[in-house]
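Engineer: sequence first, then the predicted structure, then my questions.
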Amino acid sequence: MPNKSMENKSLSCPVCQSKKAEMVGKNVKLSGQYEDKEFLTTGLTVLKCVMCGYYMFFDDTAEFTPEKSF
């Protein structure tokens, strides 16, 4: 079985480039309809940028760790 190494990246808001976000939901499922088909997403983690309020959605493969303050 191949080894899947995950790349750690610093989170930054795509709108304002802020590096601070708060978790506003975990295991959130979105549903909708397109033409005659309905869909339901898998559980998502929702983060909200503290600077501009932009919502970011991540699947369960993303891991979040708080940044250490000095």
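Structural biologist: Yep, it's here.

Engineer: residues near L47, how many?
Structural biologist: If you count neighbours by other C-beta atoms under 10 Å, L47 ends up with 20. Placement of C-beta: from N, CA and C, glycine included.

Engineer: all strands for this protein, in order.
Structural biologist: Shown for the chain, the strands assigned by DSSP state E span residues 21-28, 31-34, 37-40, 44-49, 55-58.

Engineer: right, and V50 touches S18 too?
Structural biologist: Yes: taking contacts as C-beta atoms under 8 Å, V50 lies within contact range of S18: 6.7 Å.

Engineer: listing request: residues of this structure with sub-threshold pLDDT.
Structural biologist: Scanning the chain for pLDDT under 70 picks out 1-8, 66-70.

Engineer: run the last query once more with 50
Structural biologist: 1-3, 69-70 (pLDDT under 50).

Engineer: which residues touch stretch 20-30?
Structural biologist: Identification of contacts with stretch 20-30 by C-beta atoms under 8 Å, 6 or more residues apart in numbering yields 11, 13, 40-51, 55-57, 64.

Engineer: can you name the farthest residue from the center of this structure?
Structural biologist: Most distant residue from the mean C-alpha position of the chain: D36, 28.0 Å away (C-alpha atoms, centre = their mean).

Engineer: contacts for stretch 38-57 next, please.
Structural biologist: Contacts for stretch 38-57 (C-beta under 8 Å, 6+ apart): 11, 13-16, 18, 20-33, 58-60, 62, 64.

Engineer: let's see it at 6 Å
Structural biologist: For stretch 38-57, the surrounding residues in contact (C-beta atoms under 6 Å, 6 or more residues apart in numbering) are 13, 15-16, 18, 20-32, 58.
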